[in-house]
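**Q** When you get a sec, could you give me coordinates for this:
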Amino acid sequence: MHDGGGAWGWAWMGLGGIGMVLFWVLVLVAVVWIVRALLGGGSGREEDPLVVLKRRYARGEIDRETYERMREALRRD
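**A** Here you go, the predicted model:
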């Protein structure tokens, strides 16, 4: 006589379903992470404007007067 596993049969089937859902969630998270890494999503944070301004001044892209004027404008905002 075969009883089909009784209550344990249902328990294992439930665990199998939960396991399948977790598997697909992990696959989806991995795909999103890979796509973001390939597209250069990075952290998603914008760079501080003052840091960008200092970098431009250091490279010689802007002169001191422009740097000072823009720095004051950023500090007021």
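**Q** Look through this protein and tell me its longest helix.
**A** Assignment by DSSP state H gives helix 6-39 as the longest helix of the chain.
**Q** Measure how buried residue 52 is and give me the count.
**A** 13 (other Cβ atoms under 10 Å). Using the backbone N, CA and C atoms, a C-beta is placed for each residue, glycine as well.
**Q** now the helix or strand where it lies, how far from the chain's geometric center?
**A** According to DSSP states H and E, residue 52 maps onto helix 49-59. Put simply, helix 49-59 sits 26 Å off its chain's centre (Cα atoms, centre = their mean, to the nearest Å).
**Q** which other helices and strands contact it?
**A** Judged by 3 or more Cβ pairs under 8 Å, 6 or more residues apart in numbering; DSSP states H and E, the packing partners of helix 49-59 are helix 64-76.
**Q** If you count contacts, what does the helix it packs on end up packed against?
**A** Counting by 3+ Cβ pairs under 8 Å, 6+ apart, helix 64-76 packs on helix 49-59.
**Q** And residue 76, how close does it get to residue 67?
**A** 15 Å (Cβ to Cβ, to the nearest Å).
**Q** Break the chain down into its structural domains.
**A** The chain resolves into domains spanning 1-44, 46-77 when parsed by automatic domain parsing.
**Q** can you give me the end-to-end distance of the last one?
**A** Domain 46-77 has an end-to-end distance of 16 Å (criterion: Cα to Cα, to the nearest Å).
**Q** Averaged pLDDT, that domain. What do you get?
**A** Mean per-residue pLDDT for domain 46-77: 93.
**Q** May I see the buried residues of that domain?
**A** 53, 57, 67, 70 (16 or more other Cβ atoms under 10 Å).
**Q** you'd agree the third one is up against residue 57?
**A** Yes. With contacts counted by Cβ atoms under 8 Å, residue 67 reaches residue 57, the gap being 4.3 Å.
**Q** Could you pull up the contacting residues of residue 64?
**A** Listed by Cβ atoms under 8 Å, 6 or more residues apart in numbering, the contact partners of residue 64 are residue 57.
**Q** do you know how far it is from residue 74?
**A** With Cβ to Cβ as the criterion, residue 64 and residue 74 are 16 Å apart.
**Q** Thank you kindly, that will do.
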